[in-house]
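Student: okay, sequence plus prediction incoming.
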Amino acid sequence: MLNTLKRWWKYMGAKLSSSFNEKADPKIQLEQAITEAQDQHRRLKEQAANVIANQKTTEMQLNAKLEDLTKVNTNARQAILMADEATKKGDAARATEMTAAAESFANRLIALEAEVESLKALSLQSAQASDQAKAAVAQNSAMLQKKLSEKQKLLSQLDQAKMQEQLNTTLASLSETVGQDVPTLNEVRSKIEQRYAKASAAGELEGSGVEAKMLEVEHAAMNVEAQARLEQIRSQMGISTAPEAEVAAAPTAATEPASTTEAAPSEGAAG
């Protein structure tokens, strides 16, 4: 039972996460990812700064111990010289005091040397850690810059995707039914073609009727009358007949002699 509940809980978590990712705005998610990367870089820089600060502190401590070591070494040598001078003068008490002081300086010198060696090792480790921290910051900075550049590219691709989706929706609305109150382009085209076909069919039916023929005859008669009137106006104005009229009259003149020739034998036959 417990395993079943665990599996159900994991399933619901995965389902909710999937549903959230589908409905979430990619632009906001991108901003969140960039902000998180910037926060990580800031934390890394703070950690690197602490490592470098520790390395600087170790170096300062080492330098201070080296200065102390130099002073103690000098004092120990001076104490030995003073003890030797007291011995040469026969001042046993003074010689004993300077020898004791020299031994104290020697003990302090041994302790300082141990501290210096420890600080040298620590300083070496700190320097290595500092170099690694600097390299990590530089590498992460380059990665952050790359992510920022990629952000601009992704935002541009997102805008292009949105524009393409809007274009696809617009094109789909021109070829598919999008609603009862919005006609599609295909529906409008079909309606216009049907109306044009009906109008053409009605025109053909009207043109083939008796009334259409009568109108044709009337138009022809009007054209003949108009031509005759034009000839009359030309004659009144003293304008010769158009060449077409002369050519049309030529065959008529040519046929008259033929009629006379044919009529002559008839008269002879009658005589």
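Tutor: The structure has been received and is ready for your questions.
Student: domain map for this protein?
Tutor: With domains defined by automatic domain parsing, the chain comprises 15-169, 198-248.
Student: pick out the shakiest of the ones you listed, pLDDT-wise.
Tutor: The minimum mean pLDDT among the domains of the chain belongs to domain 198-248 (a mean of 72).
Student: surely residue 113 and residue 69 touch.
Tutor: Yes. Look at residue 113 against residue 69 with C-beta atoms under 8 Å: they come within range, at 6.5 Å. Placement of C-beta: from N, CA and C, glycine included.
Student: in terms of neighbours, single out the busier of the two.
Tutor: residue 69 (17 against 14; other C-beta atoms under 10 Å).
Student: give the contact list for the more buried one.
Tutor: Residues in contact with residue 69 (C-beta atoms under 8 Å, 6 or more residues apart in numbering) are 109, 112, 113, 116.
Student: what separates the third one from residue 132, distance-wise?
Tutor: Distance of residue 113 to residue 132, given as C-beta to C-beta, to the nearest Å: 29 Å.
Student: can you pull the contacts of residue 151?
Tutor: Contact partners of residue 151, counting by C-beta under 8 Å, 6+ apart, are 30, 34.
Student: and for residue 76?
Tutor: Counting by C-beta under 8 Å, 6+ apart, residue 76 has contacts 102, 105, 106, 109.
Student: got TSV for these, with secondary structure, distance to residue 124 and neighbour count too?
Tutor: As requested, the contacts of residue 76 are exported to TSV (DSSP: H, G, I helix; E, B strand; the rest coil; distance: C-beta to C-beta, whole Å; neighbours: other C-beta atoms under 10 Å):
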residue	secondary structure	distance to residue 124	neighbour count
102	helix	33	20
105	helix	28	20
106	helix	27	16
109	helix	23	17
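Student: tell me which of these is nearest to residue 42?
Tutor: Among the contacts of residue 76, residue 109 lies closest to residue 42 (C-beta to C-beta), at 46.3 Å.
Student: and residue 136, which helix or strand is it part of?
Tutor: Under the criterion of DSSP states H and E, residue 136 resides in helix 92-175.
Student: the helix or strand following that helix to helix 92-175, inter-axis angle?
Tutor: Elements were assigned by DSSP H and E; along the chain past helix 92-175, the next helix or strand is helix 185-207. Interaxial angle, helix 185-207 versus helix 92-175 (axes from the mean of the first three to the mean of the last three C-alpha atoms, to 10 degrees): 20 degrees.
Student: if I look at residue 157, how far off is residue 60?
Tutor: For residue 157, the distance to residue 60 (C-beta to C-beta) stands at 52 Å.
Student: tell me the centre residue of the protein?
Tutor: In the chain, the C-alpha nearest the mean C-alpha coordinate belongs to residue 156, at 2.1 Å (C-alpha atoms, centre = their mean).
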